[in-house]
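1. Have a look at this prediction, sequence included:
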Amino acid sequence: MEQRAYSTATVREVEQVEIDRVGLALMRRAAAGVAAVARRELIKIRGRVYGARVLILVGGGNNGGDALYAGASLARRGARVLAVSCLGTPHPEGRAALEQAGGRVVGLAELPDQNWDLAIDGILGIGGRPGLPEPVAALAGSLAGQGVPVIAVDLPSGVASDTGAVGDQWIRARRTVTFGARKPCHLVEPGRSATGELTMIDIGLDFTSARPDLIGLDVAGLAARWPYPGRQVDKYARGVVGLDTGSDSYPGAGLLSTLGAVHSGAGMVRFLGPDHPTSLVVAELPNVVLAPGRVQAHVFGCGWGDRPDGARLIKDALDAGTPAVVDADGLRYLPDRLPSSWLLTPHAGELARLLGRDRSEVEANPIAAVRAGAERTGATVLLKGATQLVASPDTGPVWVALPGPSWTAQAGSGDVLAGICGTLLAAGQPAFRAGQLAASLQAYAAARHPGPRPPQDLARMLPETIAELAGLARIGDGRSG
Ligand SMILES: NC(=O)C1=CN([C@@H]2O[C@H](COP(=O)(O)OP(=O)(O)OC[C@H]3O[C@@H](n4cnc5c(N)ncnc54)[C@H](OP(=O)(O)O)[C@@H]3O)[C@@H](O)[C@H]2O)[C@@H](O)CC1
Ligand SMILES: [K+]
């Protein structure tokens, strides 16, 4: 349902409690978990563990210790295990355990050129900085080139645990075995893709009172949290969205954002934008109302270009106390402070402009950037991109949307997304939840209908996607409250 990820500082605090209690036994538990996963993988790959050629990549920290003990366990089952010391000095007790079990440890220069059935990556764990130093980077590249399956211990080496950032080279794991809880890099690209499938091992760490840094969603979580209308609901309870989007230069943005609002289930949609987008909306969507009136959430900014009245529109909505989604060009017309009930939907370049920073800085650490965006504006911020992140100045964790296929990285997707956000805000969802659910719905719709589909087609698939989610949540029409 919810995927909670914890920062390195928090993991170390939680770990310390258990280390004080059980010492090295904690590492042996972690290693036993890694070895069990490796055995399963070997059985899948070649039917048996006995005789398998396993390469252990070892760094100088405890991550290497985990890998060495796991190697020892595989060696005891008859695997031919060789460990290669990639960085620093291998964990002494782990090394002794491997050697006692019949495995060997060699330096990088002595690594024989042979085919491996499996590699276990214990180069760097939560103590690692992004990137791999050169001789290790070359080895990682050559294993990837040969297609050797890699199981990463805790996280793929070369990826920064707290951000998911990478340097020039990093390990791409088939599977990652982590201990007790997710780390942010398991949820945020490029770390997420480098992680492969994630297996969580219980080693007795107690995260119940720890504060998560990130909270992601899986499909079941999206299905459970989507606000399906109850039996007693009228159009105002479902919410009225008022869109002033598009312009004569970018009329399509008006239609796309309106499609997003209509097809994600708004109770009523008013289109209040300029003439050219209005004519597109009228031709396509007879249910959309053009007259001004009650609005429970505004959507501004998509395809605005230059809007001399932009600042006034935003100020009027603020004065009325109505929440709003502000996208794209609308972000240029913001006042200094906004309430957290407002949802801004920038991509990296737009957020960089808001923060007065370089785009590359936002891309290097999107988690920090989205938090800074919320602090700087007072609003809730949904940062669009490979990983979609939502930060609110008044909630602790950063919320992560369900990942979707890269097909949605196309012009017009953001307009549809802004419309979906409007529907959820109008339905009374808090802005952080509206952002997380809207981005997740769009990603899930794209995942269910793979291929290069234009955003207007994907928008029209939202109703069947929501119906499918309702089915997963076991909610029939009108049964929920
Ligand atoms: N605590 C426990 O009992 C348990 C811990 N567990 C395991 O321990 C892992 C954390 O272990 P850890 O703290 O030793 O850090 P780890 O990531 O192995 O190595 C850091 C070393 O690498 C170096 N270094 C860093 N980046 C580098 C780079 N880019 N290029 C080159 N060098 C670099 C850095 O040296 P520095 O350069 O900073 O001097 C430092 O010496 C955790 O992920 C889990 O697997 C589990 O067993 C459960 C029990
Ligand atoms: K690792």
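-> Ah, there it is. Ligands and ions are numbered 1, 2, ... in the order given.

2. And the lowest-mean-pLDDT helix or strand in the chain, what does it pack against?
-> Scoring the helices and strands of the chain by mean pLDDT, DSSP states H and E places helix 235-238 at the bottom, with a mean of 79. Secondary structure elements in contact with helix 235-238, counted by 3 or more Cβ pairs under 8 Å, 6 or more residues apart in numbering; DSSP states H and E, are strand 268-271. C-betas here are computed from N, CA, C, even on glycine.

3. let's see 10 Å
-> For helix 235-238, the packing partners by 3 or more Cβ pairs under 10 Å, 6 or more residues apart in numbering; DSSP states H and E come out as strand 268-271, helix 413-426.

4. in its sheet, what does the helix or strand just after it sit against?
-> Going down the chain from helix 235-238, the next helix or strand is strand 240-244, by DSSP states H and E. With DSSP bridges as the criterion, the sheet partners recorded for strand 240-244 are strand 268-271 (parallel), strand 297-300 (parallel).

5. and those strands as TSV, adding mean neighbour count, distance to ligand 2 and mean pLDDT?
-> Conversion of these to TSV gives the following (neighbours: other Cβ atoms under 10 Å; distance: least, Cβ to the ion, whole Å; pLDDT from 0 to 100):
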stretch	mean neighbour count	distance to ligand 2	mean pLDDT
strand 268-271	25	49	98
strand 297-300	31	43	98
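
6. Looking at the ones you listed, which is nearest to Arg172?
-> strand 297-300 (38.9 Å; Cβ to Cβ).

7. right, and Lys315 touches Pro335 too?
-> Yes - applying Cβ atoms under 10 Å as the test, Lys315 and Pro335 come out as touching, 6.8 Å apart.

8. what's the overlap in contacts for those two?
-> Counting by Cβ atoms under 10 Å, 6 or more residues apart in numbering, Lys315 and Pro335 have no contacts in common.

9. most neighbours per residue, which of the helices and strands packed on helix 235-238?
-> Compared across the helices and strands packed on helix 235-238, helix 413-426 shows the largest average neighbour count, a mean of 30 (mean count of other Cβ atoms under 10 Å).

10. continuing past that one, what's the next helix or strand?
-> As assigned by DSSP H and E, the chain's next helix or strand after helix 413-426 is helix 431-448.

11. got the buried residues for that next one?
-> Within helix 431-448, the residues that qualify as buried are 431-447, counting by 16 or more other Cβ atoms under 10 Å.

12. Report the distance from it to the chain centre.
-> 11 Å (Cα atoms, centre = their mean, to the nearest Å).

13. closest to Val81 out of the helices and strands packed on helix 235-238?
-> Of all these, the one in closest proximity to Val81, counting by Cβ to Cβ, is helix 413-426 (47.3 Å).

14. and the angle for the closest one with helix 431-448?
-> An angle of 130 degrees separates the directions of helix 413-426 and helix 431-448 when computed by axes from the mean of the first three to the mean of the last three Cα atoms, to 10 degrees.

15. Strands of the stretch 251-400 of the chain, start to end?
-> 268-271, 297-300, 324-327, 343-345, 380-383, 389-391, 398-400 (DSSP state E, counting those that start in this stretch).

16. for the ones you listed, which one sits closest to Arg238?
-> Smallest distance to Arg238 across the strands of the stretch 251-400 of the chain (Cβ to Cβ): 7.9 Å, for strand 268-271.

17. What would the closest one look like as CSV? C-alpha coordinates only.
-> Taking only C-alpha atoms (Å, rounded to 0.1, in the frame of the first residue of the first chain), the coordinates of strand 268-271 have been written out as CSV:
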residue,chain,number,x,y,z
MET,A,268,-19.1,19.6,-12.8
VAL,A,269,-16.6,21.4,-15.0
ARG,A,270,-16.7,25.1,-15.9
PHE,A,271,-14.4,26.3,-18.7
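
18. next one: that strand to chain centre, how far?
-> Taking the mean C-alpha point of strand 268-271 and that of its whole chain, the gap between them comes to 31 Å (Cα atoms, centre = their mean).

19. that older thread, of the strands paired with strand 240-244, which is nearest Leu57?
-> Across these, the minimum distance to Leu57, taken as Cβ to Cβ, is reached by strand 297-300, at 49.6 Å.

20. on that earlier part again, I'd like the helices and strands packed on helix 235-238 laid out as a markdown table, including distance to Gly59.
-> Shown next, in a markdown table, are the helices and strands packed on helix 235-238 (distance: least, Cβ to Cβ, whole Å):
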| stretch | distance to Gly59 |
| --- | --- |
| strand 268-271 | 55 |
| helix 413-426 | 40 |
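
21. How is Thr163 assigned, secondary-structure-wise?
-> Three-state call for Thr163 (DSSP: H, G, I helix; E, B strand; the rest coil): coil.

22. ok, so what distance separates it from ligand 1?
-> With distances taken as Cβ to the nearest ligand atom, to the nearest Å, Thr163 is found 13 Å from ligand 1.

23. For that residue, which non-adjacent residue is closest in space?
-> Closest residue to Thr163 apart from its sequence neighbours, by Cβ to Cβ, 6 or more residues apart in numbering: Asn365 at 5.2 Å.

24. Can you show me the helices along the stretch 251-400 of the chain?
-> 251-263, 275-284, 310-320, 348-355, 359-364, 366-377 (DSSP state H, counting those that start in this stretch).

25. list the contacts for the residue nearest to Thr163?
-> Each residue near Asn365 by Cβ under 10 Å, 6+ apart is listed here: 160, 162-165, 188, 371-372.

26. Tell me if stretch 167-178 is near ligand 1.
-> No - Stretch 167-178 stays out of contact with ligand 1 when judged by Cβ under 6 Å from any ligand atom, the minimum separation being 7.1 Å.

27. Could you name the helices and strands sitting against the lengthiest helix in the chain?
-> In the chain, ranked by residue count with DSSP state H as the criterion, the top helix is helix 25-46. Helix 25-46 makes packing contacts with helix 8-22, strand 53-58, helix 62-76, helix 92-100, strand 118-122, strand 150-153, strand 175-179, strand 197-201 when contacts are defined by 3+ Cβ pairs under 10 Å, 6+ apart.

28. List just the one of the ones you listed that sits closest to Val106.
-> Closest among the helices and strands packed on helix 25-46, using Cβ to Cβ: strand 53-58, at 10.1 Å.

29. For the closest one, what does the pLDDT average out to?
-> On average, the pLDDT along strand 53-58 is 98.

30. Around the residue in the stretch 201-350 of the chain that ligand 1 sits nearest to, how many other residues sit close by?
-> Among the residues of the stretch 201-350 of the chain, Ile203 lies nearest to ligand 1; the distance is 6.2 Å by Cβ to the nearest ligand atom. As a burial measure, Ile203 scores 21 neighbours (other Cβ atoms under 10 Å).

31. residues contacting the nearest residue to it once chain neighbours are set aside?
-> In this structure, Ile203 finds its nearest non-sequential neighbour in Arg29, 4.1 Å apart by Cβ to Cβ, 6+ apart. For Arg29, the contacting residues are 18, 22, 66, 69, 179-180, 201-205, taking Cβ under 10 Å, 6+ apart as the criterion.

32. Arg29 and ligand 2: what is the separation?
-> 17 Å (Cβ to the ion, to the nearest Å).

33. Same check on His449?
-> Shown here: His449 relative to ligand 2, a distance of 35 Å by Cβ to the ion.

34. residue contacts, the closest residue to that residue other than its chain neighbours?
-> The spatially closest residue to His449, leaving aside those adjacent along the chain, is Met461, at 5.4 Å (Cβ to Cβ, 6+ apart). Contacts for Met461 were tallied using Cβ under 10 Å, 6+ apart; they are 263, 442, 445-446, 448-449, 453.

35. Alright, that wraps it up for me.
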